[in-house]
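next come a sequence and a model predicted from it.
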Amino acid sequence: MEKELQITADGSHTLYIPAMDEHYHSVNGALQESRHIFIEAGLHAREKDFIRIVEVGFGTGLNAFLTFKDVELSQAHHIDYHTVELYPLPLDTIRTLNYGELIWPERKELFLALHEAEWNTPVSISERFTLHKIEGNSNACELPDDIDLIYFDAFAPEKQPEMWNQEIYNRLYAHTAPGGVIVTYCAKGEVRRGMQAAGFEMSRLPGPPGKRHILRGIKN
């Protein structure tokens, strides 16, 4: 599907899909949205040396790049990052995004390196970050065990309902380690109830600019 490059309120890019009337990120600020939800409410909620992450929706790679930068600068964790994407973006589209220059100008080439990494095999991006890009459907692909953190970042339920269902919530819960965390931008009641029915102890947290709430769940 055709995608249009757009600038969000914090100066960072997003992609817009006219056929779906859907953006990859919040128009109120792609960068601040991802930092707020996935880094601050997700990654920073885990205090382990080794963290296995599963991301539902690799998309532009923004969440992966923010996670990579955070661990490289903090030296606080070793990250085993699994990310699932059914429709990978072409490199020509990735090169138009300003995330490298905006987020980590001194190492901007590493943003492209995440996208150039081979699919369906582990790739060591650094001593502290191993990337597993899985080209497939999150409802059916093989998931790792002992997941410590889940970034649930599929398109909105009304745009991509097949990604928001009880089966996938149950699968993720079954593969999550005790104490594992799931975070998502979507705070809809049906999503909260579905994740809760899977076993996660759910809570609403304040959202980033333009969004009232986000969801975080814990496997206790």
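Yep, that arrived.

longest helix in the chain, please.
For the chain, the helix with the greatest residue count under DSSP state H is helix 62-74.

buried sites along that helix?
Leu62, Asn63, Ala64, Phe65, Leu66, Thr67, Phe68, Lys69, Asp70, Val71, Glu72 (16 or more other Cβ atoms under 10 Å). (Glycine included, C-beta is placed from N, CA and C.)

save those residues as JSON lines, and put in distance to Tyr151 and pLDDT too.
Shown next, in JSON lines, are these (distance: Cβ to Cβ, whole Å; pLDDT from 0 to 100):
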{"residue": "Leu62", "distance to Tyr151": "10", "pLDDT": "98"}
{"residue": "Asn63", "distance to Tyr151": "5", "pLDDT": "98"}
{"residue": "Ala64", "distance to Tyr151": "9", "pLDDT": "98"}
{"residue": "Phe65", "distance to Tyr151": "12", "pLDDT": "98"}
{"residue": "Leu66", "distance to Tyr151": "10", "pLDDT": "98"}
{"residue": "Thr67", "distance to Tyr151": "8", "pLDDT": "98"}
{"residue": "Phe68", "distance to Tyr151": "13", "pLDDT": "98"}
{"residue": "Lys69", "distance to Tyr151": "15", "pLDDT": "98"}
{"residue": "Asp70", "distance to Tyr151": "13", "pLDDT": "98"}
{"residue": "Val71", "distance to Tyr151": "14", "pLDDT": "97"}
{"residue": "Glu72", "distance to Tyr151": "18", "pLDDT": "97"}
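
quick one: which of those residues is nearest to Asn165?
The closest of the buried residues of helix 62-74 to Asn165 turns out to be Asn63 (Cβ to Cβ; 21.5 Å).

surely Val84 forms part of a strand?
Yes - residue state for Val84 (DSSP: H, G, I helix; E, B strand; the rest coil) corresponds to a strand.

now do the contacts for it.
Counting by Cβ atoms under 8 Å, 6 or more residues apart in numbering, Val84 makes contact with Val54, Glu55, Val56, Gly57, Phe58, Ile134, Gly136, Asn137, Ser138, Cys141.

could you pull out the strands for the chain?
Shown for the chain, the strands assigned by DSSP state E span residues 4-7, 13-17, 22-23, 50-56, 78-85, 122-126, 129-135, 147-152, 176-184, 201-206, 213-218.

from the chain's centroid, how far away is the last one?
Okay, so that is strand 213-218. Its chain's C-alpha centre lies 14 Å from the corresponding centre of strand 213-218 when counted by Cα atoms, centre = their mean, to the nearest Å.
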